[in-house]
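S.K.: Quick one, fold the following:
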Amino acid sequence: MKVLAVISARAGSKGVPRKNLLHMGDKGPLISHMIQKAVNCKYIDKVVCSTDSEEIANVAKEFGAEVPFMRPDDLADDHTPLITVTQHAMRAMDELGYKADVVAQLAPTCPFIKQESIDQSVLAVIEDQCECAVSLKRIEHEHPYRARVLDEKGYFENFIQDIDVESFHSRQDLPTLYCTSGGIYVRKRKLLEDYDGSDFALGKSRKGIVLDDLESVNIDRRIDFDFAEFLIKAGQLNDQYFA
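M.R.: Predicted structure coming up:
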């Protein structure tokens, strides 16, 4: 099986300008972490960076990714779904003669994902355990049972109405739930071929790869970047979180 990794990094980040190129302490630019892990993944055959920026393209190449095409402008705005970018990359590689059987969508904004988590995700799909494998993180402090809805006067009600959520007094009593971390989506080719924008192209057989709290760091805002740098400087991360 041919396994393609697509790492998307556009120039126009609003939350943290130029975030993909910012250095995190002495650990290199943000984008370099995911690229190096993908390149070292024993189940991934080819790593490409999808970008609209020549500067990002040059940095991506420096750390081992290929940039055989540039992302068109209509796929580089704030509202473009990453799955659409991944689908475009797969088709662009088709035209260049590389037809992948499995496509791994890896987010450079999740720099601390362990290489073993990427390996585990890809292996689950190529061994036909599932149609897709997705990174998940456990929901801790913002559990859905404690979600509220405000009316126009500022009064609130429980968002979930068909469960007695008031009976769960302690956090430890809440059911264990997970949400997607945004870091890893590994899909069989057909899911992307059939993708029409109506869903997340996860198929019917979906495997969750649970990440720890450090792997789940996702840099969308400046506070996220500052927190990531704090973790590095505080010595909270051992070698397995770096390439």
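S.K.: Mind jotting down where the strands sit in this structure?
M.R.: Secondary structure of the chain (DSSP state E): strands at 3-8, 46-50, 102-106, 132-138, 148-150, 156-158, 178-188, 206-210.
S.K.: Dump the ones you listed into CSV; add mean pLDDT, distance to residue 16 and mean neighbour count as well.
M.R.: C-beta: built from backbone N, CA, C; applies to glycine. Supplementary listing: the strands of the chain in CSV, determined by pLDDT from 0 to 100; distance: least, CB to CB, whole Å; neighbours: other CB atoms under 10 Å:
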stretch, mean pLDDT, distance to residue 16, mean neighbour count
strand 3-8, 98, 15, 25
strand 46-50, 98, 18, 25
strand 102-106, 98, 18, 25
strand 132-138, 98, 20, 22
strand 148-150, 95, 29, 10
strand 156-158, 94, 32, 12
strand 178-188, 97, 15, 22
strand 206-210, 97, 26, 16
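S.K.: what about the ones you listed, which gets the closest to residue 226?
M.R.: Residue 226 sits nearest to strand 178-188 of all the strands of the chain, at 18.7 Å, using CB to CB.
S.K.: Can you give the contact residues for that closest one?
M.R.: Applying CB atoms under 8 Å, 6 or more residues apart in numbering, the set of residues contacting strand 178-188 from outside is 83, 86, 101-107, 109-110, 113, 117-118, 121-122, 124-125, 131-139, 200-203, 208-211, 215-216, 218.
S.K.: run the last query once more with 7 Å
M.R.: Contacting residues not belonging to strand 178-188 are listed as 102-107, 110, 113, 117-118, 121-122, 125, 131-139, 201, 208-211, 216, 218 [CB atoms under 7 Å, 6 or more residues apart in numbering].
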